[in-house]
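*Asks:* Return a 3D structure for these sequence lines:
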Amino acid sequence: MRYKVKLNKTKIGYAIWCPALPGCWTLGETEEEALENIKEAIKTYLQNVDEVTQNAELRYVDVR
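*Replies:* Numbering: from 1, shown residues only. Reported below is the predicted structural model:
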């Protein structure tokens, strides 16, 4: 899968996050390290969502 991430240079390196996955963010000393770290953060995020929601009941809501 492909996710859009946002990268922000800071005084200590790079902050990076995935807007599509609330709370999924990490840091890296270099841009390359930050990109590798966010890949792992996304994988972990998705695994945790799968575990937490495996027995959840699904519902649909209409929003107008």
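*Asks:* need the helices for this protein, in chain order.
*Replies:* Along the chain, the segments classed as helices by DSSP state H run 31-53.
*Asks:* any low-confidence regions in it?
*Replies:* Within the chain, no range satisfies pLDDT under 70.
*Asks:* what residue is smack in the middle of it?
*Replies:* Centroid-nearest residue in the chain: Cys24, 3.2 Å away (criterion: C-alpha atoms, centre = their mean).
*Asks:* That one reaches Cys18, doesn't it?
*Replies:* Yes - look at Cys24 against Cys18 with C-beta atoms under 8 Å: they come within range, at 4.5 Å. Bear in mind the C-beta positions are built from the backbone N, C-alpha and C, glycine included.
*Asks:* where do the contact lists of those two overlap?
*Replies:* 38, 41-42, 45 (C-beta atoms under 8 Å, 6 or more residues apart in numbering).
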